[in-house]
Each structure stands twice: as C-alpha cells, then as structure tokens.
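> I'd like to go over a predicted model; first the sequence, then the structure.
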Amino acid sequence: MKAATFAPLLQGFFTERLLQQQGASPHTVASYRDTFRLLLGFASERLHKAPARIAIEDLTPAFLGDFLRHLEVDRGNSIRTRNGRLAALRAFFRFVTMSEPALAFQCQQVLAFPAKRYEHNIERFSSGPAAWTSRNAGPRWRFAVLDEAVGGPKGYGYYELLMPLKAVGGPRSWGP
C-alpha cells in the first residue's frame, strides 16, 4: 500500500460517499471535516510529518485511541463530542474497508472502538414558573400558546379547530 493513498481515500470519502451516495447534510459534512482537521493536526504534531505525508498505515488503532483521549483530556471535549468524532472515524474506516480490502484488518480494529457511555439529561425548554404552568395547565392554555406562536386564525384557536376531531375519536389527550 502506498503512503500517498490516504489523501485520495479521504477525498473520496467526502466527495463520493458523503455527498454523492449518502447525500449528507452540510452540518454532517462540516462535523466530519472538523474531525479530520483535528486528526491531521494531531497526527502532524505526534508523527512529525506534514499532513500531506501522513499515510493510512500511520492511523493505527492505538494512535486513534490516543487521539480520542486527546480530545477528552487535552481539549476538554465532552463524551458526546468524542462519540461524534468517533462516528466520523468509523464512517471513514467503513468506506476504507470497501475501497481498500487490503486494509480490512486495520479498519476492523478501528470499527471495534466502543462509544463511551454518558448520562442522558432530560432537557426542558422552559424552567421556573413558566414550566410549571405549561405542564399543569389544561389543553386550552397549551393551544393558546400555540396560536400565538404560529399566528393562528383570529377568533378561533387550534383547540376549537381540533375539537371536532376529538368528537369523532381523536386521542384522549386532545381536550379537557
């Protein structure tokens, strides 16, 4: 395997896989781009090579583990961010497996990296008295807020518009 194959693989991953085959959103492409920008900077510093001279063989599982630790410890990234970067690396190495079968063992080792577990916090959109009021108020109040938010028709709220649906068997949560 030539050392120069990393750059074409990376370019093919972005142009063929993400944009043409998957139709990835611009946000996904930007996130993956940032991951590889960080990885190339880290690799350049650790391996003392210019980013253009980094070979795919340099990205060993041990090296990528060091990169993920660097994200958490040195950069202070959260576990969610680390897992997002790992998802980008996994997507790339799945692409590499299909493009270069000779690298399948290295790719398999990278794909075996587990995502770290983290505590899922339930986030509320409002807090304090407003949250208490919206959770404990009846459906008329909730629909009145919806009317104001989306500019509903004057004189009729969505509550009144949906009441006929309740009469013909709509969900029980649609009315008092």
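Arrived safely. Residues are numbered from 1 along each chain as shown.
> rest of the way, CA atoms for contacts and neighbours
OK.
> how is this protein carved up into domains?
3-111, 129-174 (automatic domain parsing).
> Of the ones you listed, which shows the lowest average pLDDT?
Among the domains of the chain, domain 129-174 has the lowest mean pLDDT, at a mean of 50.
> Can you tell me how far the residue nearest to residue 49 when sequence neighbours are not counted is from residue 54?
Excluding its sequence neighbours, the residue lying closest to residue 49 (CA to CA, 6 or more residues apart in numbering) is residue 43, at 7.6 Å. Between residue 43 and residue 54 the distance is 8 Å, computed by CA to CA, to the nearest Å.
> Any idea how many residues pack against the closest residue to residue 14 other than its chain neighbours?
Spatial nearest neighbour of residue 14, excluding adjacent residues (CA to CA, 6+ apart): residue 29 at 7.5 Å. Neighbour count of residue 29, defined by other CA atoms under 10 Å: 17.
> Number of residues surrounding residue 72?
The number of residues packed near residue 72 is 16, by other CA under 10 Å.
> show me the contacts for it.
Shown in contact with residue 72 (CA atoms under 8 Å, 6 or more residues apart in numbering): 78, 79, 82.
> Next, work out how far apart residue 92 and residue 17 are.
9 Å.
> And the two? Which one has more around it.
A side-by-side neighbour count of residue 92 and residue 17, using other CA under 10 Å, places residue 92 first with 22 against 17.
> so the more buried one is in which element?
Following DSSP states H and E, one finds residue 92 within helix 79-99.
> residues making contact with that helix?
Contacts to helix 79-99, defined as CA under 8 Å, 6+ apart, come from residues 9-10, 13, 17, 31-32, 35, 68, 71-72, 103-104, 107, 110-111, 115-118.
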